[in-house]
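*Asks:* This is a predicted model, with the sequence first.
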Amino acid sequence: MYRFYVPSDGYEYHYAELCRVFLPEDDFEIISIDKLPDPGFVNENSYVIGTSGSHDRDSVKRELYAVLSDITDMKPEWGTLTGVRPLKPALDILGRTGSLDDMKRSLKELYLIADSKADLLSEIAEYQTEYVRGNPSDFISVYTGIPFCPTRCEYCSFASNVADEDAIALYLENLGKEIRYTGHLYKEHNKGKGIESIYIGGGTPTTLSSGQLETLIGIISDAFSVNPKDLEFTVEAGRPDTITEDKLLTLKKCGIARISINPQSMKDETMKLIGRNHTSDDIRRAFAAADKIGFDVINADLIAGLPGESPADFSSSLDEIIALGAENITVHTLSVKRGSRLHENDPLYYRRDIERVSDMLSYARERLKDEGYYPYYIYRQKHQMGAFENVGYCKAGKHSIYNIRIMEDKQSIIALGAGAVGKLYYPDEDRIERIANVSNYEIYSERFDEMLERKDKYFGG
């Protein structure tokens, strides 16, 4: 057990997060102190951090990073940055300096991040500067959650469930009421803010039937007085075993221009291993059907670090997804989340084979760059292999504004349905307040009146 004595400054959580990058949670303890301990108090597995001289949070984290690196012989490429949104501090620095070079230099000095990660953040900032327009706080986005999937993946900890038709029908009935109620509040109290994007996610929205999808899209459009053709409206059709030509035709008829087809891998053995009931041929058929019907943008997700996959397996999957024509590709690093079956079976999986995953991510970045894709958004998660990242790549102008807004935390996002977490943004304070629905779809129905009451918060109720 390692013990780290840190200043009693209220940032103990941040110091613990940095320790978790290097060490299993049971192997360390953070102890806050007001002054240096007596000589001899510290043994060979205990370290006093930041108790002399200047000890602002970032300097303490740099000192802690150095100690942890000495202990473990590790040098994580994100340095002392542990948050979900590494682009935020980068953009803050860019806003002050106005220079990408100064931004990269400051990131390396303040947070000890590697050159490759500073370059990545610079490329994302450059893309957003060139292609993203408008003040995010002048608009609102809407997220609607469909918490159902045909099966549950080994790595999944989302609010996704396998449910029967009656349970889904009841959920949709209540969801429709929540959408209409929230739409009424929006029309009465939105203070002139238009809807910038609408996103139907999950779970797997295409678990629903064609008729259910059409009804849901109609309710959202009517409630918020929008035409799907006039804004970014995305529907996740993620699992190819839920995609039919009839459903795709329905989405197209409703004016949906953006969908997701998320294989995670093109290796059949991997799909079986992670609990997916479809094959690579199903993915190819889904892309062919979507291409025939004609959507403006298809997003595809791949995961680096899946069990049993080599860098060659990952490279082959990525190469085929590019060939299939996805305009928007998000490369995820596997996160072994609590609540997933993978965590239950092997909680330290994410601490092994880091070089393998690093090779996958390096290949993705170079291959996608060669094919004309730009990195445009980024986020990180806990228990991610190598403490790496998830990066969205797109063809020029084919980015998802919803993905960008959800990560920059400067826009109110109305969230509807079980498992949905909305945001209320206060621009004068540059502050976000989260407004969450319950995650379980059955409890959502049981506590439905409470879900409606929570919506009043968006509009000052």
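*Replies:* Structure received. This is a predicted model, so every value here is computed, not measured. Numbering: from 1, shown residues only.

*Asks:* ok, now how distant is residue 251 from residue 326?
*Replies:* Taking C-beta to C-beta, to the nearest Å as the measure, residue 251 falls 17 Å from residue 326. Backbone N, C-alpha and C define where each C-beta goes, glycine included.

*Asks:* do residue 433 as well
*Replies:* 35 Å.

*Asks:* higher neighbour count, those two?
*Replies:* Taking neighbours as other C-beta atoms under 10 Å, residue 433 and residue 326 compare with residue 326 leading, 28 against 13.

*Asks:* what about that one, is that helix, strand or coil?
*Replies:* Of the three states, residue 326 takes coil according to DSSP: H, G, I helix; E, B strand; the rest coil.

*Asks:* okay but it is in contact with residue 261, surely?
*Replies:* Yes. Residue 326 is within contact range of residue 261, at 7.5 Å (criterion: C-beta atoms under 8 Å).

*Asks:* Can you list the helices and strands that the helix or strand encompassing residue 414 packs against?
*Replies:* Assigned by DSSP states H and E, residue 414 belongs to strand 412-416. With contacts taken as 3 or more C-beta pairs under 8 Å, 6 or more residues apart in numbering; DSSP states H and E, strand 412-416 sits against strand 139-146, helix 165-189, strand 421-426.

*Asks:* Mean pLDDT, mean neighbour count and distance to residue 410 added to these, as CSV?
*Replies:* Output for the helices and strands packed on strand 412-416, formatted as CSV (pLDDT from 0 to 100; neighbours: other C-beta atoms under 10 Å; distance: least, C-beta to C-beta, whole Å):
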stretch, mean pLDDT, mean neighbour count, distance to residue 410
strand 139-146, 96, 24, 10
helix 165-189, 94, 17, 19
strand 421-426, 94, 18, 6
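
*Asks:* Residue 132 is nearest to which of these?
*Replies:* For residue 132, the closest of the helices and strands packed on strand 412-416 is strand 139-146, at 12.1 Å, according to C-beta to C-beta.

*Asks:* How far away from the center of its chain is stretch 426-440?
*Replies:* Centroid displacement of stretch 426-440 relative to its chain, using C-alpha atoms, centre = their mean, to the nearest Å, is 16 Å.

*Asks:* now do the same end-to-end measure for it.
*Replies:* Length of stretch 426-440, first residue to last, C-alpha to C-alpha, to the nearest Å: 29 Å.

*Asks:* for stretch 15-34, same thing?
*Replies:* First residue to last in stretch 15-34 (C-alpha to C-alpha) measures 16 Å.

*Asks:* Need the three-state assignment for residue 435.
*Replies:* strand.

*Asks:* got it, and residue 428?
*Replies:* The three-state label given to residue 428 by three-state DSSP is coil.

*Asks:* separation between residue 69 and residue 77?
*Replies:* For residue 69, the distance to residue 77 - C-beta to C-beta - is 12 Å.

*Asks:* With neighbour numbers in mind, choose between those two.
*Replies:* Per other C-beta under 10 Å, whichever of residue 69 and residue 77 has more neighbours is residue 77, with 19 against 14.

*Asks:* who's in contact with the more buried one?
*Replies:* 113-114, 116-117, 386-388 (C-beta atoms under 8 Å, 6 or more residues apart in numbering).

*Asks:* Can you verify my assumption that residue 385 contacts residue 348?
*Replies:* No. Applying C-beta under 8 Å, one finds residue 385 not in contact with residue 348, separated by 10.9 Å.

*Asks:* of those two, who's got more company?
*Replies:* residue 385 (24 against 10).

*Asks:* list the contacts for that one?
*Replies:* 304-305, 333-336, 349-351, 353-354, 357.

*Asks:* Among those, which ones are in helices?
*Replies:* 354, 357 (DSSP state H).

*Asks:* Nearest the middle, which residue of this protein would you pick?
*Replies:* Nearest to the mean C-alpha position of the chain, by C-alpha atoms, centre = their mean, lies residue 379 at 5.8 Å.
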